[in-house]
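Trainee: Next input, structure requested:
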Amino acid sequence: MNEKIAPRIILYTDGSSRGNPGPGGYGVVLKSGQHRKEISEGYRLTTNNRMELLAVIVGLEVLIIPNSQVMVFTDSKYVADAVEKGWVFGWEKKAFKDKKNPDLWQRFLKIYRQHQVKFTWVKGHANIPENERCDQLAVGASFKPSLLVDVEYEKENG
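Mentor: Here you go, the predicted structure:
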């Protein structure tokens with residue numbers, strides 16, 4: 001029987017906001033073998049941490065093959081530490097009581113559990129080409145003439 005082997009995927013992510021809160025965006029670079037895909041989007045009012053987390057979520061959500069092996073490179077300690085140190089699983093057990101961004105963390109956990117995901121923290125603005133590209137995508141997205149509404153954020157903070 002010939003089983004399909006889950007691909008190894010490298011996912012670079014970055015989020016930004018101009019002001020915190022302010023207009024923001026995320027950038028994603030997905031790489032698998034010779035394939036490469038860039039994704040970005042901008043929001044009219046959000047936070048840096050929301051965009052950092054949303055970048056990872058969107059990067060994972062576009063994967064087609066379940067149970068893919070994914071290495072995420074992020075310059076966000078907020079995201080990397082929450083997962084790799086297991087904090088988010090404790091937050092989940094307490095229904096995210098008194099935690100920020102529960103809507104995104106719940107969305108993250110749903111897609112995270114469909115793949116084999118590891119996080120590597122990288123220093124931001126340290127001349128890592130794909131991380132720099134994600135930063136360009138994230139910042140550029142925040143300047144788009146038509147920005148999306150971060151509905152949950154604005155509902156809570158607008």
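
Trainee: For the residue positioned nearest the centre of the chain, which residues are in contact?
Mentor: For the chain, residue 56 is the residue whose C-alpha lies nearest the centre (C-alpha atoms, centre = their mean; 2.0 Å). Taking C-beta atoms under 8 Å, 6 or more residues apart in numbering as the definition of contact, the neighbours of residue 56 are 11, 13, 72, 74, 79, 108. All C-beta atoms are positioned from the backbone trio N, CA, C, and that covers glycine.

Trainee: Tell me who's in contact with residue 122.
Mentor: Residue 122 is in contact with 73-75, 128, 131, counting by C-beta under 8 Å, 6+ apart.

Trainee: Same list (these) but as JSON lines, adding secondary structure.
Mentor: Formatted as JSON lines, the entries for these read as follows, by DSSP: H, G, I helix; E, B strand; the rest coil:
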{"residue": "73", "secondary structure": "strand"}
{"residue": "74", "secondary structure": "strand"}
{"residue": "75", "secondary structure": "coil"}
{"residue": "128", "secondary structure": "coil"}
{"residue": "131", "secondary structure": "helix"}
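
Trainee: picking that back up, Three-state assignment for the residue nearest to the centre of the chain, please.
Mentor: helix.

Trainee: Show me the beta-bridge partners of the closest residue to it other than its chain neighbours.
Mentor: When the adjacent residues along the chain are set aside, residue 56 lies closest to residue 13, with 5.1 Å between them (C-beta to C-beta, 6 or more residues apart in numbering). Beta bridges link residue 13 to residue 28, residue 74, judged by DSSP bridges.

Trainee: Would you map the strands across this protein?
Mentor: Per DSSP state E, the chain carries strands over the ranges 8-17, 22-32, 35-46, 69-74, 116-121.
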